[in-house]
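*Asks:* need a structure here:
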Amino acid sequence: FTPPACCPEYTDGYQINSCLNTLLENCFAFCNDDCIAAGHYFYSYDDRAMDNTVCRGVVGWNARANGIRLGFYSHYDLGSFLFENCDFLGAKGSGVLIHPLQDAQEADRYQRYGDIRFRNCGFDLCEWLSNGLVAVEGARIDTLEFSNCMFDAPAPALGKIYGHPVDKIRRLVLQDVLVGGQPVSAGSGSFEMKNIEEI
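*Replies:* Have a look, this model is predicted:
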């Protein structure tokens with residue numbers, strides 16, 4: 001519990017860094033920053049790749065920031081994520097924010113995500129989301145999936161799903177996704193999409 005106006009400010013509910021095989025299950029966060037965050041925030045010792053993060057039955061509630069934020073200051077692979085039966089309420093930025101992983105100095109290294117899947121997840125109070133329902137900012141992702149997910153209302157800004165301009169999102173799945181009770185498809189106008197190999 002780190003509600004707005006408490007100290008420390010900008011405290012994530014659950015911050016997962018440099019971890020393998022993480023299960024976050026049946027948990028609640030009322031926080032003043034991102035409900036769930038993953039990345040490499042402290043690069044001096046946060047120097048390992050991640051993989052296989054599962055968040056199941058999580059409820060996240062905040063009045064600012066994002067429901068989920070992946071890839072903040074990341075220099076290593078973040079691997080795969082599964083969000084299942086989760087609900088996020090009242091975020092101010094985006095329901096889901098996915099950053100591109102930062103290129104390391106080695107020219108042959110291109111960090112990426114594996115499969116990021118959202119299954120049976122809900123996002124409420126979406127009319128507050130100033131950066132859109134989903135904001136994917138040029139990330140390298142194998143599969144991005146939203147299945148049986150509900151956003152209760154359109155957001156003030158258009159959602160964006162942008163793959164990396166060269167190493168594109170390999171597959172995007174939108175299956176039984178509702179925004180304000182209306183079904184979403186690739187051409188429905190709820191999301192702006194580019195740099196995706198297969199939808």
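*Asks:* Can you tell me what sits against the host helix or strand of Met150?
*Replies:* If you go by DSSP states H and E, Met150 is part of strand 141-151. By CB atoms under 8 Å, 6 or more residues apart in numbering, the residues outside strand 141-151 that reach it are 80, 95, 98, 112-123, 126, 133-134, 136, 161, 163, 169-180. Bear in mind the C-beta positions are built from the backbone N, C-alpha and C, glycine included.
*Asks:* mind listing which of those are in strands?
*Replies:* In strands, defined here by DSSP state E, the members of the contacts of strand 141-151 are 80, 98, 113-119, 122-123, 134, 136, 161, 163, 171-179.
*Asks:* which regions of this structure lie under the pLDDT threshold?
*Replies:* 43-44, 102-110, 186-188 (pLDDT under 70).
*Asks:* sorry, back to before: drop the exposed ones from the ones in strands among the contacts of strand 141-151 and show what's left.
*Replies:* For the ones in strands among the contacts of strand 141-151, a burial check counting by 16 or more other CB atoms under 10 Å picks out 80, 98, 113-119, 122-123, 134, 136, 161, 163, 172, 174, 177, 179.
*Asks:* residue contacts, the one residue sitting closest to the centre of the chain?
*Replies:* Note on the chain: the residue nearest the mean C-alpha position is Val96, at 3.7 Å, using CA atoms, centre = their mean. Taking CB under 8 Å, 6+ apart, we find Val96 in contact with 66-68, 70, 118, 133-136.
*Asks:* ok, of the residues you listed, which one's closest to Ala155?
*Replies:* Nearest to Ala155 among these is Leu133, at 5.1 Å by CB to CB.
*Asks:* My guess is that closest one contacts Glu192. True?
*Replies:* No. The pair Leu133 and Glu192 does not pass the contact test of CB atoms under 8 Å, sitting 11.1 Å apart.
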